[in-house]
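Enquirer: here's a sequence, model it:
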Amino acid sequence: MRFISLLIFLFQFTFLFGQTPQKGDFMVGAAIGFSTLNLDSENYQSGNKTGLSFPNIKIGKMISDKTALLIYLPGTVYDFENAERDRQRGFEAVLLSAQYWIQNRAWVMGGIGLGLDAPAFYDIKTAEERNFNIGYAAAAAVGFDVLKFNKSVIDIQGRVHYGSIDVEEERLKGTAFSILVGYNYGF
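Expert: Residues are numbered from 1 along each chain as shown. Below is the predicted model:
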């Protein structure tokens, strides 16, 4: 409840005292937050699991005052239960995306591209655990630029990320719903 009260305060504060962000030619951003992830295949069903959402990196160029073309890397970490050992993997993607500011601070983003099911880099113990699986993915997000200082912007984002990935002769389908706090820099 305190978190929701803090969000409401930040929105009110920025509407009263915030300035429109200045956008540069190029932009980079990163976000971290929480996701609810549901994975489904013939041999694996995760149900709804809440986990950490990262790396959530975006790199791109402004093509107009309101539109940016980006390479977006959304990701959600999940626990993979295996007979050998339980480990963490990433439900990730590399997406060609467009971000559009519908108002001075509110934006929408969407993209399509390559879906990945990959090992968490910090949880690889053997060479067999390094396997990457690929497929296709799409994501859509909405966000609000909360604070601006110099060429930096802190935003709050809501995102849905869908992927369909070939995993060992079957199709793994997943959907992640995420709430994120992002830091963006224009140069």
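
Enquirer: just the helices in this structure please.
Expert: Per DSSP state H, the chain carries helices over the ranges 2-17.

Enquirer: report the central residue of it.
Expert: The centroid of the chain falls nearest to residue 74 when counting by C-alpha atoms, centre = their mean (3.4 Å).

Enquirer: tell me where the chain has strands.
Expert: Counting by DSSP state E, the chain has strands at residues 26-40, 45-53, 57-62, 67-73, 75-80, 87-101, 106-119, 133-149, 152-167, 170-186.

Enquirer: what sits closest to the residue nearest to the centre of the chain if chain neighbours are left out?
Expert: Nearest residue to residue 74 in three dimensions, chain neighbours excluded: residue 161, at 4.8 Å (C-beta to C-beta, 6 or more residues apart in numbering). Bear in mind the C-beta positions are built from the backbone N, C-alpha and C, glycine included.

Enquirer: tell me which of the strands of the chain lies nearest to residue 125.
Expert: With respect to residue 125, and counting by C-beta to C-beta, the nearest of these is strand 87-101 at 7.6 Å.

Enquirer: report all helices and strands that that closest one contacts.
Expert: strand 57-62, strand 67-73, strand 75-80, strand 106-119, strand 133-149, strand 152-167 (3 or more C-beta pairs under 8 Å, 6 or more residues apart in numbering; DSSP states H and E).

Enquirer: okay, those, which one's buried deepest?
Expert: Mean neighbours per residue, mean count of other C-beta atoms under 10 Å, is largest over the helices and strands packed on strand 87-101 for strand 75-80, with a mean of 21.

Enquirer: bridging residues for residue 92?
Expert: Counting by DSSP bridges, residue 92 forms beta bridges with residue 75, residue 116.

Enquirer: got a list of what it touches?
Expert: 55, 73, 74, 75, 76, 115, 116, 117, 118 (C-beta atoms under 8 Å, 6 or more residues apart in numbering).

Enquirer: what's the closest of the residues you listed to residue 96?
Expert: Of all the contacts of residue 92, residue 96 sits closest to residue 73, with 11.3 Å by C-beta to C-beta.
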